[in-house]
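> return atomic coordinates for the entry below.
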Amino acid sequence: MHLPTRARLIRLPATLALLSLLPGLAAQPAAPVAQRPAARPAPVPPVVSPELHSDGRVTFRLRAPKATVVTVSGQFQKGPAAMVKDDTGLWSVTVGPIPSDLYEYSFNVDGVSMIDPGNPAIKPMRNPRTSILEIRGEPPLLHDFQNVPHGRVSLHWYASQALGRRRPLQVYTPPGYEANATTRYPTQYLFHGSGDNEATWVAHGHAHWILDNLVAQGRAQPMIVVMLDGHAVAPGASTDRNANVVAFERDLLQDVMPFVAANYRTREDATSRGIVGLSMGGGQSLTIGLKHPDRFAWVGGMSSSVGGAAELLGDGTALNRQLKLLWFACGKDDFLLKANQDLAATMTARKIRHEYVETEGNHSWPVWRRYLADFAPRVFQATK
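Here you go, the predicted model:
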């Protein structure tokens, strides 16, 4: 009798055996194996810059692993200081000791100037490029925050009809302005230099604290201070400085002064108005003040770009009668020194009553803060 061939038994792995029983599942792709997430890189510690030391020295730092040459420049030293890179790509240098004051500084990285990214204090400018180093005095300096009554700084936007666009301005009101609801105050117009803006006198000049401290010491009259943008010609529209002065004058007289009078309790006679500025703003204040002594009885300039101010002097008879004070100052190392000396000589020759002061220093904010501290106590005072 012929017997059938015996079937072969094949043992399959359990998984394959299951798939063979469920053909619908066999067509599905296998699920990917879960992967462990990649380890996160260790956090980079924040860069501390600038770091002030108790002996007056200051350490500056910048993380720039791919840079080849890094320096720091500031008003506290002559020339740039070379920084050194460690094995983590952190550049640093310690300079000083530096006298207490408020300074501008910047880094230069392979030929590119930049602010300090570790420092939130940046000088307000049209094109910001410098950081602020503040070294408080002990005892406090006049521009330092002190434990005295403080005024208020308000930011406004106004529609300039003269210029056809909206513009910003900042207004300081003295301590007690809100409480003394019926008191009217004199007004000081305070202008910045080329490249800066309406915020620079507060953020970097500390004009509000200078006024607070002077008033608390009984050295200055409580006053309203108006700070507006000195760049009246739109960027790129003109490089003619005279065109900017003309546009700025229109904006000031036609728009800013009426705005201030409508929103603040000002006294509206000429003896209750002052006008002063630095560098470009000094040229604006002298030019406008000398043209309009019927509006401004207190006129000043700091390291002024005097331009055509001498052409506005006349014989001085009217100016001597109308102006309470004509004051301007310049540092002995300032590049505008000769122009200011010539203006003072012209005033003397024409018998125009004025005060011209030469001081130590160059064309920089440490000088201009001192000038504001000299000028502010002189305005709105009784005169002989």
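> can you show me the helices along the stretch 101-250 of the chain?
Using DSSP state H, counting those that start in this stretch, the helices of the stretch 101-250 of the chain run over 200-203, 207-216, 241-251.
> out of those, nearest to residue 380?
Closest of these to residue 380 is helix 207-216, at 11.5 Å (criterion: C-beta to C-beta). (C-beta placed from N, C-alpha, C; glycine too.)
> what's the closest one in contact with?
Residues outside helix 207-216 that contact it (C-beta atoms under 8 Å, 6 or more residues apart in numbering): 142-146, 148-151, 153, 172, 174-175, 190, 201-202, 220-223, 225, 227, 369, 372-373, 376-377.
> would you put the C-alpha positions of that helix in PDB?
Extracted C-alpha coordinates of helix 207-216, given in PDB (Å, rounded to 0.1, in the frame of the first residue of the first chain):
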ATOM      1  CA  ALA A 207      18.700 116.900  33.200                       C
ATOM      2  CA  HIS A 208      15.600 116.000  35.300                       C
ATOM      3  CA  TRP A 209      17.800 114.900  38.300                       C
ATOM      4  CA  ILE A 210      20.000 117.900  37.900                       C
ATOM      5  CA  LEU A 211      17.000 120.200  38.100                       C
ATOM      6  CA  ASP A 212      15.500 118.200  41.000                       C
ATOM      7  CA  ASN A 213      18.700 118.500  43.000                       C
ATOM      8  CA  LEU A 214      19.300 122.200  42.200                       C
ATOM      9  CA  VAL A 215      15.700 123.000  43.300                       C
ATOM     10  CA  ALA A 216      16.100 121.000  46.400                       C
END
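> in it, what counts as buried?
The neighbour-count check on helix 207-216 (16 or more other C-beta atoms under 10 Å) flags 207-215 as buried.
> returning to what we had before: buried subset of the contacts of helix 207-216?
So, of the contacts of helix 207-216, 142-144, 150-151, 153, 172, 174-175, 190, 201-202, 220-223, 225, 227, 369, 372-373, 376-377 end up buried under the neighbour-count rule (16+ other C-beta under 10 Å).
> tally of neighbours for residue 358?
Residue 358: 14 surrounding residues under other C-beta atoms under 10 Å.
> what's near enough to touch residue 294?
270, 322.
> switch the cut-off to 6 Å
Applying C-beta atoms under 6 Å, 6 or more residues apart in numbering to residue 294 gives the contacts residue 270.
> phi, psi for it please.
Per-residue torsions, residue 294: phi -80, psi -10 (degrees, to the nearest 10).
> same deal with residue 343?
The phi/psi pair for residue 343 (degrees, to the nearest 10) is phi -60, psi -40.
> which residues touch it?
When contacts are taken as C-beta under 6 Å, 6+ apart, residue 343 is in contact with 306, 310.
> any idea how far it is from residue 381?
Note on residue 343: its distance to residue 381, by C-beta to C-beta, to the nearest Å, is 24 Å.
> again with residue 101
For residue 101, the distance to residue 381 - C-beta to C-beta - is 28 Å.
> those two: who's more crowded?
A count of neighbours by other C-beta under 10 Å puts residue 101 above the other of residue 101 and residue 381, at 20 against 11.
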